[in-house]
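Engineer: Only the shape, not the letters, is given here:
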């Protein structure tokens, strides 16, 4: 077995679950301390470039499509006719790119507090930012929570919370108070989607609490969709959808089948399968 020397490997250790994930690196490409977080980019031998925030893996060239497609397309195909979309976080712009694949979307506003993340994506992940100049896209570098507070009532169709883990600056994005404010700015029939951590590690804690907080915030329908994500803790991740006067357990299957978007993971079958939770998750949410 190779020695996981820090000069040869980037390793993220998950002490609380006695596990770790490592990638062999060939070079450190960027090391920046922004006003908000420590940002690093590495070249790896088998996963392309790797972005790390505060020591936690954010994305790699090889597998980011899994996360970006699953946080965007289930929500957009669940909404009856999404026109106005807002992304809180998402500074790497991968989610923005996926949202803009939907021709019916008229405007997407992305609000991320840390411009350094977008600058790093522009330098080292060019495929993620290829839609940034789309005339429908608006990129703001500001406090997403304040933006939500200032937004008009019932002005948004789909709200995507593309945040880091629920610690530090992102902790408040998982709480009932913030979710109530999200509910306020969504139109009737609106859909909220939030990244919701590992089904294996967090079903009985973070995910269950998030679902409960969504319901307490006024959302009538909640659904958690798991999907593979090799570079994240446990190799399995999830997003949780919430509907305002709309069911998120159904989606526009005909549209999801008939699109011509060049996707790598999302399909109508993958969406159906993600809605069919395994028994241990159903038990954790009961």
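Structural biologist: In hand now; what should we look at? Note that the structure is a prediction, hence the values are computed from the model and not measured.

Engineer: Please make it C-alpha for all contacts and neighbour counts, starting now.
Structural biologist: Fine.

Engineer: any idea of the mean pLDDT for stretch 81-93?
Structural biologist: Taken as a whole, stretch 81-93 carries a mean pLDDT of 98.

Engineer: So for it, first residue to last residue, what's the gap.
Structural biologist: From its first residue to its last, stretch 81-93 covers 22 Å (C-alpha to C-alpha, to the nearest Å).

Engineer: Identify each buried residue in it, please.
Structural biologist: Residues 82-93 are the ones in stretch 81-93 that count as buried (16 or more other C-alpha atoms under 10 Å).

Engineer: outside of it, which residues touch it?
Structural biologist: Counting by C-alpha atoms under 8 Å, 6 or more residues apart in numbering, the neighbours of stretch 81-93 from elsewhere in the structure are 76, 96, 104-115, 117-118, 120-121, 128-129, 132, 144, 155-163.

Engineer: Please convert the buried members of those residues into PyMOL selection syntax.
Structural biologist: In PyMOL syntax, the buried subset of those is picked out as below (16+ other C-alpha under 10 Å):
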select buried, resi 76+96+105+107+108+109+110+111+112+113+114+115+117+118+120+121+128+129+132+144+156+157+158+159+160+161+162+163
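
Engineer: rewinding a little: adding secondary structure, write the buried residues of stretch 81-93 out as CSV.
Structural biologist: Compiled in CSV, the buried residues of stretch 81-93 are given as follows (DSSP: H, G, I helix; E, B strand; the rest coil):
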residue, secondary structure
82, coil
83, coil
84, strand
85, strand
86, strand
87, strand
88, strand
89, strand
90, coil
91, coil
92, coil
93, coil
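
Engineer: between the residues you listed, which is closest to residue 249?
Structural biologist: Distance ranking of the buried residues of stretch 81-93 against residue 249, using C-alpha to C-alpha, places residue 82 first at 16.8 Å.

Engineer: Next one: the closest one relative to residue 256, how far apart?
Structural biologist: Note on residue 82: its distance to residue 256, by C-alpha to C-alpha, is 14 Å.

Engineer: do residue 137 as well
Structural biologist: When C-alpha to C-alpha is the yardstick, residue 137 and residue 256 sit 23 Å from each other.

Engineer: Same check on residue 115?
Structural biologist: In terms of C-alpha to C-alpha, residue 115 sits 33 Å off from residue 256.

Engineer: can you give me the strands for the stretch 1-150 of the chain?
Structural biologist: Listed from the start of the chain, the stretch 1-150 of the chain has strands (DSSP state E, counting those that start in this stretch) covering 9-14, 19-33, 38-44, 49-53, 56-60, 84-89, 107-111, 137-140.

Engineer: Quick check, pLDDT for the most centrally placed residue in the chain.
Structural biologist: Centrality entry for the chain: nearest residue to the mean C-alpha point is residue 162, 3.8 Å, by C-alpha atoms, centre = their mean. Looking at residue 162, its pLDDT stands at 96.

Engineer: now residue 168
Structural biologist: Per-residue confidence for residue 168 comes out at a pLDDT of 51.

Engineer: Make sure residue 100 is actually in contact with residue 132.
Structural biologist: No. If you go by C-alpha atoms under 8 Å, residue 100 and residue 132 don't touch, sitting 9.3 Å apart.

Engineer: What's the local residue count around residue 180?
Structural biologist: The number of residues packed near residue 180 is 17, by other C-alpha atoms under 10 Å.
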